[in-house]
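In: could you work out the structure for the sequence below:
(2 chains)
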Amino acid sequence: DAGVTQSPTHLIKTRGQQVTLRCSPKSGHDTVSWYQQALGQGPQFIFQYYEEEERQRGNFPDRFSGHQFPNYSSELNVNALLLGDSALYLCASSLTLTGVEKLFFGSGTQLSVL
Amino acid sequence: AQSVTQLGSHVSVSEGALVLLRCNYSSSVPPYLFWYVQYPNQGLQLLLKYTTGATLVKGINGFEAEFKKSETSFHLTKPSAHMSDAAEYFCAVTTSSYDKVIFGPGTSLSVIP
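Out: Numbers count the residues shown, from 1 in each chain, chains lettered A, B, ... in the order given. Okay, here's the model as predicted:
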């Protein structure tokens, strides 16, 4: 049973570019949350998707957008990249029945913006 | 709004010694509290959680934590540190099973042989 998988594992972009990160949830999970973890800090909640809709959003600008597909996989898109967007981006999946009491995290995508 | 503070960004203990990682939270409603561990180049793994009921909760790898409402604390302990415990530890809070999870800044645990 595969856990949460994220791709790519590492990515290098330049300022102003756009990036798309991908996440496949744990088998059977229907909810996907995205977190940004800057170096030396705790993860910060970006948004959560359920039934292909954004259910909750953290304090991130509109440059951060997402999508959830019918198979529950998800994408995180970031436009007009800034140096400050350099971070580890974590995807977490859960079952809506149990909610965040059982969050499973992927290993993340390390994004470097030059 | 909820928040989490973790006293001590770095903690070092000797192998076999007591591990104590501190967490204090702020929440306007009864909280759900979590401890997660992150090993290098990996995602977060749930160690233990408190939702309701017994205030002393036991988790994986011999860790436990006690919810103290009067002190707004949820400190993590382990009686005897093992080399494999060296990692980053995050305390987190939420208001319900369906709200966003707020993480603290983390504590890096080093275990000295």
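
In: strands of the chain, start to end?
Out: In the absence of a named chain, chain A is used. Ranges of strands in chain A, per DSSP state E, are A:5-7, A:10-13, A:19-24, A:31-37, A:44-50, A:53-57, A:64-68, A:74-78, A:87-94, A:104-105, A:109-113.

In: meant chain B actually
Out: With DSSP E as the criterion, chain B has strands spanning B:3-5, B:10-14, B:19-21, B:24-26, B:32-38, B:44-50, B:56-58, B:64-68, B:73-78, B:87-94, B:102-103, B:107-112.

In: the ones you listed: which one's closest to chain A?
Out: strand B:102-103 (3.6 Å; C-beta to the nearest C-beta). C-betas here are computed from N, CA, C, even on glycine.

In: the residue nearest the centre of chain A and chain B, how far apart?
Out: Nearest to the geometric centre of chain A sits residue A:34, at 3.2 Å (C-alpha atoms, centre = their mean). For residue A:34, the distance to chain B (C-beta to the nearest C-beta, to the nearest Å) stands at 11 Å.

In: interface residues of chain B facing chain A?
Out: B:4, B:9, B:32, B:36, B:41-46, B:49, B:51, B:90, B:92, B:94, B:96-106 (C-beta under 8 Å from any C-beta of the partner chain).

In: just the buried members of those residues?
Out: B:4, B:32, B:36, B:43-44, B:46, B:49, B:90, B:92, B:94, B:98-104, B:106 (16 or more other C-beta atoms under 10 Å in any protein chain shown).

In: how far away is the residue lying closest to residue B:52 once chain neighbours are set aside from chain A?
Out: Excluding the flanking residues, the one nearest residue B:52 by C-beta to C-beta, 6 or more residues apart in numbering or on different chains is residue B:30, at 7.7 Å. According to C-beta to the nearest C-beta, residue B:30 and chain A sit 14 Å apart.
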